[in-house]
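Novice: return a 3D structure for these sequence lines:
(chains A, B, C and D)
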Protein chains: 2
Amino acid sequence: MPRPVSIDRAQALEQAMLLFWRRGYHQTSMREITAATRLLPGSLYGAFGSKRGLYLAALDHYHDGLQQALTAHLQGTAPPLERIRRFFAELLNGIARDPEGKGCLLINTLLEPPAADAEITQQAAAALAEVEAAFAVALEEAVGNGELADGPPPEARARLLMTGIYGLRVYQRTTPPAGVLNDIVETLLKVTLENPVAKEKRT
Amino acid sequence: MPRPVSIDRAQALEQAMLLFWRRGYHQTSMREITAATRLLPGSLYGAFGSKRGLYLAALDHYHDGLQQALTAHLQGTAPPLERIRRFFAELLNGIARDPEGKGCLLINTLLEPPAADAEITQQAAAALAEVEAAFAVALEEAVGNGELADGPPPEARARLLMTGIYGLRVYQRTTPPAGVLNDIVETLLKVTLENPVAKEKRT
DNA sequence: GATATAATTGAACAGTCGTTCAACTACTGG
DNA sequence: CCAGTAGTTGAACGACTGTTCAATTATATC
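Specialist: As a prediction, this is how the structure comes out:
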């Protein structure tokens, strides 16, 4: 009996997420969101409750995309170390294809406000923790393989890789000369994944 | 002949900086700043021109404090590697003494907005580049000393250390369990400063 | 086609934003 | 002690903020 929903929730979420990604939470006004989504305030409030609710939904949406990237690049049948290298190559690729310098929405979220909103902070942190966990799994596999020598536990190595990603995202904002980000990743992977002790073990 | 200035510019700047540090640029209103500095809008605008001008001055003020920390911990007569270790120890110390999780104002500045304001971004980036340069000098010295084995050039190693600091500041926002940040620094310093190839060279 | 239901509309709300400026005040040189 | 200068005051400005809600519209069932 009721009038059916005619709003394209998915499209609206995508547009809102892009806006939050580009401009941050506090700098993005509902007015801009209504303009970008071609929705009126009432519809947005009906669908998402509030600006905050919309942001949480946008974080979720971003998280979905990240998970796809994770399964596409970090899981698979290739040797675990190569999968990690590919993930970082894809990360650099993404940065190169991001001339606006938007960075990573989750990291931006963690650093943008004074982290006053515990729920938002925690949601972003949880999503990033998934990436870290995926790294740890791949690293453990690599050690089991003999691809990677013993050394710091997988969790510690995974944290180091995450630290590298976080650092990259900060460097990205300084608009460094071409090649610097690639160099950083190269050095990071070298010191994290090429334990010289293991050299003799490799084929 | 004119009425002398009765405003304590330094104290106002300190208060404003603390506020920006805690709450970020866009979240901090001039009203809050007038309350914290006990100054009226007119006085603030007379002394700093605009909210943006005040922020730039606050960044400068923060930069001054950072330079003091640099000369206190990263320069001196101790062996360069130990100076670097001390700098990181001091960094961890500062994080432990920062229950609010304010982080680093410069890094917050880089990540907070969409970096739309080129001058602000560049000022923050330049200040951080100074730290990186100081690392590079210390690392070069360490290689010359024989304290540190050859390997990646000092600039690359310095960038890795900066990446570590940036990463730490992001991790800090996730309110990780106690000890995690210390572990990260430990691993970072180990892989960056303890090149196993050099082991035989050490005393 | 009448009715019930809910999605949609957009003008309007109270509050806050960064900023301004005419009036006022306090001091110094003569 | 007067005149002149500039620092200080705070009410007020227009613009914009996130949000609401009565009116309107469109559909599905009976």
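
Novice: show me the contact partners of the one helix or strand residue A:184 maps to.
Specialist: In the assignment (DSSP states H and E), residue A:184 maps to helix A:180-193. Residues outside helix A:180-193 that contact it (Cβ atoms under 8 Å, 6 or more residues apart in numbering or on different chains): A:81, A:84-85, A:88, A:91-92, A:95, A:142, A:148, A:157, A:160-161, A:164, A:167-168, A:171-172, B:152, B:156-157, B:159-160, B:163, B:191-192. Where you see a C-beta, it was placed from the backbone N, CA and C, and this is true even at glycine.

Novice: same thing with stretch A:140-158?
Specialist: Everything outside stretch A:140-158 that qualifies as a contact, by Cβ under 8 Å, 6+ apart, is A:79-81, A:84, A:132-133, A:135-137, A:139, A:160, A:192-193, A:195, A:197-198, A:201, B:183-184, B:187, B:190.

Novice: tell me the contacts of residue A:51?
Specialist: Per Cβ under 8 Å, 6+ apart, neighbours of residue A:51: A:30, A:33.

Novice: next, the angle from the top helix by length along chain A to helix A:180-193.
Specialist: Longest helix of chain A, by residue count under DSSP state H: helix A:118-145. Angle, helix A:118-145 to helix A:180-193, by axes from the mean of the first three to the mean of the last three Cα atoms, to 10 degrees: 60 degrees.

Novice: average pLDDT across helix A:118-145?
Specialist: Helix A:118-145 shows a mean pLDDT of 96.

Novice: anything in that helix near DNA strand D?
Specialist: No: using Cβ under 7 Å from any atom of the strand, we find that helix A:118-145 stays clear of DNA strand D, coming within 13.4 Å at best.

Novice: give me the distance between that helix and the centre of its chain.
Specialist: A distance of 11 Å separates the centroid of the chain from that of helix A:118-145, by Cα atoms, centre = their mean, to the nearest Å.

Novice: and the angle for the next helix or strand after that helix with helix A:180-193?
Specialist: Proceeding N to C from helix A:118-145, the next assigned helix or strand is helix A:154-173, under DSSP H and E. If you take the same axes, to 10 degrees, helix A:154-173 sits at 170 degrees to helix A:180-193.

Novice: just the CA atoms of helix A:154-173, as CSV, please.
Specialist: C-alpha atoms of helix A:154-173 as CSV (Å, rounded to 0.1, in the frame of the first residue of the first chain):
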residue,chain,number,x,y,z
PRO,A,154,54.2,-12.2,12.3
GLU,A,155,52.1,-9.8,14.4
ALA,A,156,55.0,-7.5,14.9
ARG,A,157,55.9,-7.6,11.2
ALA,A,158,52.3,-7.0,10.2
ARG,A,159,52.3,-4.0,12.5
LEU,A,160,55.4,-2.7,10.8
LEU,A,161,53.8,-3.0,7.4
MET,A,162,50.7,-1.2,8.7
THR,A,163,52.9,1.5,10.1
GLY,A,164,54.4,1.8,6.6
ILE,A,165,51.0,2.2,5.1
TYR,A,166,50.1,4.9,7.6
GLY,A,167,53.3,6.6,7.1
LEU,A,168,52.8,6.5,3.3
ARG,A,169,49.5,8.2,3.7
VAL,A,170,51.0,11.1,5.6
TYR,A,171,53.9,11.4,3.1
GLN,A,172,51.3,11.5,0.4
ARG,A,173,50.0,14.7,1.8
